[in-house]
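S.K.: How does the following fold in three dimensions:
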Amino acid sequence: MRSDPLPIVRRQFLGRSCAGLMGLSLPHLLAMQARAASGSPAAKRVLVIYEQGGLSHMDTWDPKPEAPVDHRSPHRPIDTSVPGIQFTSLLPHTSRIAHKLAVVRSMHHAVAGADAHPNGTQYALSGAHPGSIVEMPDIGSIVSKVIGTENPRLPPYVMVPGNHEQAAETRTGFLPASYKVFKTGGSDVAHPDWQVADLLARPENATSRLTGRHDLLAAFDGRFINSPQRTRALDGMDRFYEQAFDTLTSRSVDEAFNLRAEPPAVRERYGKGHRGACYLLGRRLIEAGVRFVTVDVRWPLTEETPGGFILNWDHHDLIYAPGSCGTVRDKAGGEGRYGIGHWVMMGSTDQAFAALVNDLDERGLLAETLVCFLSEFGRTPRLNKFAGRDHWTNAYSMVYAGAGVPGGQIIGLSDPEGGYVVAQAHTPEDYAATIYEKLGINRDAPLYTSANRPVYFGHLGEPISELF
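M.R.: Residues are numbered from 1 along each chain as shown. So this is what the prediction gives:
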């Protein structure tokens, strides 16, 4: 059941008022209050672009041209569509849509213990520190529980494709398993033979055979319609069977995952290969009414990427290699990757992300879809002895668009080397609270465990007011 839109309670009002006195603008605060008072959430859907591995913020969203020369990125700042805002030269496409984006350059982890990929990923997916006493569900699972779905034939929380080494870090926590994320699978979503697993009828059961089974069940159930043996449990199970049948036979489900239905020009716009296909599939699922979509990309090993068998952002060595970072584990553990400047890394990411935001906007979907681009942490401001950058939780960036987010702004500040936050610090808890606020979810109303114990979610962070 959907909760009432978030009220401005005394604790939140005082917190936000104090934040305003410390530098947050009054218009932002008033906008948040007006949205809550209107009862109309800014977002209907959420699309998370999760680039796993720890993307280097000083090589992308937060250029540091004054950093020491021995540690400075070779990818120099470039101007964007917003005067005074610069990204690095690895983002030429995205720089043209900076007026649609809000970049938070002041993300950090306030509590230690989430500086590895597994617990860092869990932190990013849940917006709750993995060291918490109660294991918290993914944000998408909580959204599924509280709001539900717009399209009952599709899962409310989908991950595309959900097959990298940290995808196992998704959690339902204290919620029932029914709120688990659905993962499409597929090592290469761009492959012509790719199709989603488990939501389509098996070939041997399709058409008349599946329909016959459905009719047989209906005939059997008909004998118990007015029977005292019929219970609420049986009625509930029937609803699940009907929903499953609708899913397996629905043309809309097939169409939602059918990338072949996209014109070649659109496929080309997102960029060839796996990443572009994943981002495009994310847009199709949002368009089909999926409530919460996470696009989670790791480029597959192909003939075009020899040596690229772990193509995520964990650049512990040779981060600026023009091609493969190597295949032998003789340095800092960065083997199997390509340098950050290669097309299958930031080149494809830049093209696909810019195309996604523009495509959502042109289709009228961006106004009601919150788009979040994130990684579990950043990279060290200084290069290590292997010409790489290691895990860094003291400063990194997130990017937002859509659902009323005022574009063309930078939020927060890191120091001249990108090592530490020096203004408007934000945490993954604030990221989660922002999503809940955008969706109109009441963070003051708890969820309950199977033992009827109340659990509060999103209450350890505050929404990032500049995003409203």
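
S.K.: And the pLDDT for Ala218?
M.R.: At Ala218, the pLDDT value in this model is 55.

S.K.: Ok, the one 5 residues further on next?
M.R.: The predicted local confidence for Arg223 comes out at a pLDDT of 56.

S.K.: The residue lying closest to Thr170 once chain neighbours are set aside and Gly333: what is the separation?
M.R.: Spatially, and ignoring its direct neighbours in sequence, Thr170 is nearest to Val181 (4.9 Å; CB to CB, 6 or more residues apart in numbering). C-beta coordinates here come from the backbone N, C-alpha and C atoms, glycine included. Computed as CB to CB, to the nearest Å, the Val181 to Gly333 distance reads 28 Å.

S.K.: Please apply the same query to Glu287.
M.R.: 39 Å.

S.K.: Ok, Val295 next?
M.R.: 25 Å.

S.K.: Could you do Val422 as well?
M.R.: Where Gly333 is concerned, Val422 sits at a distance of 30 Å (CB to CB).

S.K.: Tell me where the protein has helices.
M.R.: Here the chain has its helices, by DSSP state H, at 10-21, 26-38, 92-95, 117-126, 139-146, 208-222, 232-249, 251-256, 264-270, 274-288, 348-362, 428-438.

S.K.: Just to check, Ile319 is in contact with Asn384?
M.R.: No - with contact defined as CB atoms under 8 Å, Ile319 does not count as touching Asn384 (9.6 Å).

S.K.: more crowded one of these two?
M.R.: A direct count of neighbours by other CB atoms under 10 Å for Ile319 and Asn384 places Ile319 higher, at 26 against 17.

S.K.: Ignoring the adjacent residues along the chain, who's closest to that one?
M.R.: Gly388 (5.0 Å).

S.K.: what's around the one you found, how many residues?
M.R.: 24.

S.K.: How about the contacts made by it?
M.R.: Residues near Gly388 by CB atoms under 8 Å, 6 or more residues apart in numbering: 315-319, 331-332, 334.

S.K.: Ok, Asn163 next?
M.R.: Contacts of Asn163 (CB under 8 Å, 6+ apart): 183, 185-187, 298.

S.K.: and what of Ser324?
M.R.: 305-308, 337-338 are the contacts of Ser324 under CB under 8 Å, 6+ apart.

S.K.: can you pull the pLDDT of the residue nearest to Ile319?
M.R.: So, for Gly388, pLDDT stands at 97.

S.K.: likewise Lys331?
M.R.: Taking Lys331 on its own, its pLDDT is 85.

S.K.: What of Glu165?
M.R.: pLDDT for Glu165: 77.

S.K.: hang on, it packs against Thr121?
M.R.: No - using CB under 8 Å, Glu165 is not in contact with Thr121, being 9.3 Å away.

S.K.: what ranges of this structure fall below the confidence cut-off?
M.R.: Along the chain, the parts satisfying pLDDT under 70 run over 1-39, 198-251.

S.K.: residue contacts, Glu287?
M.R.: Glu287 neighbours (CB under 8 Å, 6+ apart): 256, 363, 365.

S.K.: make that Pro192, sorry
M.R.: Applying CB under 8 Å, 6+ apart, the residues contacting Pro192 are Arg260.

S.K.: How many residues are close by the closest residue to Phe292 other than its chain neighbours?
M.R.: Counting by CB to CB, 6+ apart, Gly140 is the residue found nearest to Phe292 once chain neighbours are left out, at 3.9 Å. Residues lying near Gly140 (other CB under 10 Å) number 28.

S.K.: For Gly140, give its distance to Asn258.
M.R.: On the measure of CB to CB, Gly140 and Asn258 end up 23 Å apart.

S.K.: now do Gln424
M.R.: With CB to CB as the criterion, Gln424 and Asn258 are 43 Å apart.

S.K.: before we move on, what about Met58?
M.R.: 39 Å.

S.K.: Who has more neighbours out of the two?
M.R.: Between Met58 and Asn258, counted using other CB under 10 Å, the more crowded position is Met58 (28 against 14).

S.K.: Val357 versus the more buried one, what's the distance?
M.R.: 22 Å.

S.K.: what about the residue lying closest to Gly120 once chain neighbours are set aside, neighbour count?
M.R.: Distances taken as CB to CB, 6+ apart place Glu376 nearest to Gly120, at 3.4 Å, with adjacent residues excluded. By other CB under 10 Å, 30 other residues sit near Glu376.

S.K.: Wait, Glu376 touches Tyr123, no?
M.R.: Yes - counting by CB under 8 Å, Tyr123 is a contact partner of Glu376 at 6.6 Å.

S.K.: got any residues that touch both of these two?
M.R.: The contact lists of Glu376 and Tyr123 share Ala114, where a contact means CB under 8 Å, 6+ apart.

S.K.: Look up how far Val293 lies from Gln122.
M.R.: 19 Å.

S.K.: Would you map the strands across the stretch 351-468 of the chain?
M.R.: With DSSP state E, counting those that start in this stretch, the ranges of strands along the stretch 351-468 of the chain come out as 369-374, 378-379, 391-392, 396-401, 409-411, 413-414, 421-423, 447-448, 454-455.

S.K.: highest average neighbour count across these?
M.R.: strand 378-379 (a mean of 29; mean count of other CB atoms under 10 Å).

S.K.: Which strands or helices does that strand pack on?
M.R.: In terms of contacts (3 or more CB pairs under 8 Å, 6 or more residues apart in numbering; DSSP states H and E), strand 378-379 is packed against strand 391-392.

S.K.: contacting residues around the closest residue to Gln86 other than its chain neighbours?
M.R.: Excluding the flanking residues, the one nearest Gln86 by CB to CB, 6+ apart is Pro77, at 4.0 Å. Residues in contact with Pro77 (CB under 8 Å, 6+ apart) are 63, 65, 86-89.

S.K.: Mind checking which of the residues you listed are buried?
M.R.: Neighbour-count burial (16 or more other CB atoms under 10 Å) is assigned, among the contacts of Pro77, to 63, 86-89.

S.K.: now, which of those sits nearest Ser144?
M.R.: Nearest to Ser144, judged by CB to CB, of those is Phe87 at 33.7 Å.

S.K.: Could you check how far that closest one is from Ile441?
M.R.: 32 Å.

S.K.: go on, Glu417?
M.R.: Using CB to CB, we find Glu417 at a distance of 37 Å from Ile441.

S.K.: Please apply the same query to Pro77.
M.R.: Pro77 is 38 Å from Ile441, by CB to CB.

S.K.: do the same with Glu150
M.R.: Applying CB to CB to Glu150 and Ile441 gives a distance of 15 Å.

S.K.: higher neighbour count, those two?
M.R.: Ile441 (23 against 14).

S.K.: residues touching the spatially most central residue of the chain, list them.
M.R.: Centroid-nearest residue in the chain, with CA atoms, centre = their mean: Val48, separated by 2.1 Å. Applying CB under 8 Å, 6+ apart, one finds that Val48 lies in contact with 140, 292-295, 371-372, 374.

S.K.: Nice, that's everything, thank you.
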